[in-house]
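In: A structural model of the following input is requested.
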Amino acid sequence: MPNKEINSHIIPRHHLKQFTNDYGCIFTYPDPDNYQDNHCKSKGGGSIAKNTASKIGYYSEEIEKILDNKFENQGSKIAKKILERKLITPDEREFFAKYIASFLYRVPASQKMLERLYPQILKQKNSVEYYLKNYYGKANPNTYYKALNDPAQKEKRINFVWENSIKSEHNLVYNALLSREWWIAEVGTNSSEYFITSDNPVFYSTKSGMADRDIQITFPLSQRMAMVFDGNRETPRNSDIEYCSAGRFIHNQVDLINKRTANNSTYLYSPKHDINIQSLVGYRVTSPDYIKRKL
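Out: You can find the predicted model right below:
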């Protein structure tokens, strides 16, 4: 059950800090003026990362520890190396794939998906066994199904499956990431362009899933860098991560990555109060264009 005393960060603070402005503030869309704290009000608006993308009791204490110890501690260190243009080892590359995958399962979009799949969830054998053992003692399956079809039980069951998905190993996802070429789309510090993040920042093809190698996977690392997992080659060209400046993109490639980040997200996070970002709220990618750079 949720721990009401824990202020859970839906998106890790170390990730959000990469999208704060020079005052350490970040704007939350769809209504950036409604998400402000005392520190940032005098700095032009927004809120500090600690007060952004968080909700009391969103994760249980167990999940908080798993996210922190299993993913965030090491994941943040590897992200820092990538942002500093340092080489990462094969082991770090493998772990970073797991770190990226954790964003797929910890976010609200994952819960919403489970709500749509609830009829199938009810039929799962481990679902029956779990509830018979932990909630209804020796009650027979008819009692179990009657209880679970009660709307009051729906949230409890979805939360159980959701937390298990956060804890699970997702080898298909890891392999889908590791089998692709990794490169960084980068905008210069003097550029007016920048990347945003969201409460569902990993983009992939929702039609074919990560198995669709014709569609890239993207993940924003900071307001200046976004990671691209490129599947247009059968095997990765090399194990190093190539950094490609915005000068090597065709027009509006930064905008395309931001649209991907906004896809299927409820909240967007930006270092600026920007009407262009406001327009991306509720954006849905239908047929994503390819992020191109000159090789």
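In: how about the secondary structure of residue 185?
Out: Of the three states, residue 185 takes strand under DSSP: H, G, I helix; E, B strand; the rest coil.
In: please name the bridge partners of it.
Out: When bridges are called by DSSP bridges, residue 185 pairs up with residue 226, residue 244.
In: can you report how many residues lie near it?
Out: Other residues lying near residue 185 total 25 when counted by other CB atoms under 10 Å. In this view, the C-beta of every residue, glycine as well, is placed from N, C-alpha and C.
In: I figured it hits residue 229, correct?
Out: No. With contact taken as CB atoms under 8 Å, residue 185 and residue 229 are classed as non-touching, separated by 11.5 Å.
In: buried stuff in stretch 215-231?
Out: For stretch 215-231, the neighbour count (16 or more other CB atoms under 10 Å) marks 215-231 as buried.
In: ugh, wrong one, I meant stretch 279-288
Out: For stretch 279-288, using 16+ other CB under 10 Å, the buried residues are 280, 285, 288.
In: hmm, residue 257 and the first one touching each other?
Out: No. At 11.2 Å, residue 280 and residue 257 do not qualify as touching, with contact defined as CB under 8 Å.
In: if you look at the buried residues of stretch 215-231, which of them are in strands?
Out: Secondary structure defined by DSSP state E assigns 217-220, 225-230 of the buried residues of stretch 215-231 to strands.
In: what's the helix or strand for the residue nearest the centre of the chain?
Out: The C-alpha lying nearest the average C-alpha coordinate of the chain belongs to residue 103 (CA atoms, centre = their mean; 3.5 Å). Taking DSSP states H and E as the definition, one finds residue 103 inside helix 90-106.
In: tilt between the very next helix or strand once past that helix and helix 90-106?
Out: Stepping forward along the backbone from helix 90-106, the first helix or strand reached (DSSP H and E) is helix 108-116. In this structure, helix 108-116 runs at an angle of 50 degrees to helix 90-106, with axes from the mean of the first three to the mean of the last three CA atoms, to 10 degrees as the basis.
In: which residues does helix 108-116 contact?
Out: In this structure, residues lying in contact with helix 108-116 by CB atoms under 8 Å, 6 or more residues apart in numbering are 10, 104, 121, 154, 158-159, 161-162, 165, 199-200, 264-266.
In: from those residues, which shows the smallest pLDDT?
Out: Looking at those, model confidence by pLDDT dips furthest at residue 121: 63.
In: helix or strand, whichever it is, which one in the chain has the lowest mean pLDDT?
Out: In the chain, the helix or strand scored least confidently by mean pLDDT, DSSP states H and E is helix 125-134, which has a mean of 54.
In: distance of the closest residue to residue 9 other than its chain neighbours from residue 199?
Out: When the adjacent residues along the chain are set aside, residue 9 lies closest to residue 54, with 4.9 Å between them (CB to CB, 6 or more residues apart in numbering). Residue 54 sits 11 Å away from residue 199, taking CB to CB, to the nearest Å as the criterion.
In: now for these two: what residues contact both?
Out: Counting by CB under 8 Å, 6+ apart, the residues touching both residue 54 and residue 199 are residue 10.
In: quick one: the helices in the stretch 1-150 of the chain, in order.
Out: Counting by DSSP state H, counting those that start in this stretch, the stretch 1-150 of the chain has helices at residues 13-16, 38-41, 61-66, 73-83, 90-106, 108-116, 118-122, 125-134, 141-148.
In: which other helices and strands contact the third one?
Out: Spelled out, it's helix 61-66. Helix 61-66 sits against helix 151-167, with contacts defined as 3 or more CB pairs under 8 Å, 6 or more residues apart in numbering; DSSP states H and E.
In: residues of the helix it packs on that come out buried?
Out: 153-154, 157-163, 165-166.
In: do stretch 64-81 as well
Out: By neighbour count, with 16+ other CB under 10 Å as the criterion, the buried positions of stretch 64-81 are 64, 66-67, 70-72, 75, 78-79.
In: on that earlier part again, got the contact list for the helix holding residue 103?
Out: Outside helix 90-106, the residues within contact range by CB under 8 Å, 6+ apart are 10-11, 59, 67, 70-72, 74-75, 78-79, 81-82, 88, 110, 162, 165-166, 168, 170, 173-174, 177-178, 182, 200-202, 219, 227, 239.
In: go again using 6 Å as the cut-off
Out: 71, 74-75, 78, 165-166, 170, 173-174, 177-178, 202, 219 (CB atoms under 6 Å, 6 or more residues apart in numbering).
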